[in-house]
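S.K.: Give me the fold of what follows.
(2 chains)
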Amino acid sequence: QSALTQSASVSGSPGQSITISCTGTSSDIGGYNYVSWYQHHPGKAPKLIISDVSNRPSGVSDRFSGSKSGNTASLTISGLQAEDDADYYCSSYTSSGAWVFGGGTELTVL
Amino acid sequence: EVQLVESGGGLVQPGGSLRLSCAASRFTFSTYWMHWVRQAPGKGPVWVSCISGDGSVTRYADSVKGRFTISRDNAKNTLYLQMTSLRAEDTAVYYCAKAGGSSGMDMDVWGQGTTVTVSS
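M.R.: Okay, here's the model as predicted:
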């Protein structure tokens, strides 16, 4: 199972919006609505911020939103804040009964 | 607050074995699937294995099948990962994670990880 494809890095200024894309195949993202997004500050536990393509867990800011079209999922962060500076990973359930992650996108808030 | 704390990582020689533990607290451990996920330095996370709440169903990534064994002790609220025939490419931070999210197909709580280094 190949990793999902994410751009390596993205940056934005406070208050701006950014979108991170995650591309897979019909065997993972395209086949299931089980796409999740995780925020990871190095040295801390990863945090689930989007589940099942577009659902925000309780306590997650509504500045985070998710969507999917075909084999590509997207995470949008609006109103960028300094604390959003982190690594972001997408993940999907797959037809082989496993989970696959993306390589990660490093977000820099300028 | 739900908590997961991993332990058992360390330096091990190629071909060696190691057992990781994950202590769970503040949720009904026995009712949830649990996962192990690893992340090598500078790489994205990689799913390793998962186990059902009662321990009767297990799944593994192809890269660890036959070498790693996931198990759990619901009386002790603890998840395990027995790793054998370790290779340099198994070097990573190993996280345990609780299945959750709106469908139960995501990983809604993670520990901070334990580091495994396979080197001579």
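
S.K.: Any idea how many residues pack against A:Val53?
M.R.: Using other CB atoms under 10 Å in any protein chain shown, A:Val53 has 20 neighbouring residues. Backbone N, C-alpha and C define where each C-beta goes, glycine included.

S.K.: you'd agree A:Ala45 is up against B:Trp110?
M.R.: Yes - counting by CB atoms under 8 Å, A:Ala45 does reach B:Trp110; the two are 4.4 Å apart.

S.K.: Residue of chain A closest to chain B, please.
M.R.: Chain B sits closest to A:Ser51 of chain A, with a gap of 3.2 Å, by CB to the nearest CB.

S.K.: what's around the closest residue in space to that residue that isn't next to it in sequence, how many residues?
M.R.: In space, and not counting its chain neighbours, A:Ser51 is closest to B:Gly101: 3.2 Å by CB to CB, 6 or more residues apart in numbering or on different chains. Close neighbours of B:Gly101, defined as other CB under 10 Å, add up to 18.

S.K.: How about the contacts made by B:Gly101?
M.R.: A:Ser36, A:Leu48, A:Ser51, A:Asp52, A:Asn55, A:Pro57, B:Met107, B:Asp108 (CB atoms under 8 Å, 6 or more residues apart in numbering or on different chains).

S.K.: report the longest strand in chain A, please.
M.R.: strand A:86-93 (DSSP state E).

S.K.: re the thing from before, next, format the contacts of B:Gly101 as CSV and append pLDDT and neighbour count.
M.R.: Putting the contacts of B:Gly101 into CSV (pLDDT from 0 to 100; neighbours: other CB atoms under 10 Å in any protein chain shown) gives the following:
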residue, pLDDT, neighbour count
A:Ser36, 97, 30
A:Leu48, 96, 23
A:Ser51, 96, 27
A:Asp52, 95, 19
A:Asn55, 96, 16
A:Pro57, 93, 18
B:Met107, 95, 26
B:Asp108, 95, 20
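
S.K.: Report the two of those residues separated the most.
M.R.: A:Asn55 and B:Met107 (13.9 Å; CB to CB).

S.K.: how close does B:Asn74 sit to B:Phe29?
M.R.: 6 Å (CB to CB, to the nearest Å).

S.K.: Give me the more crowded residue out of the two.
M.R.: Neighbours were counted for B:Asn74 and for B:Phe29 using other CB under 10 Å; B:Phe29 has more, 23 against 15.

S.K.: Might you report the residue contacts of the more buried one?
M.R.: Taking CB under 8 Å, 6+ apart as the criterion, B:Phe29 is in contact with B:Arg72, B:Asn74, B:Asn77.

S.K.: Please enumerate the strands of chain B.
M.R.: B:3-7, B:10-12, B:18-25, B:34-39, B:45-51, B:58-60, B:68-73, B:78-83, B:92-100, B:106-110, B:114-118.
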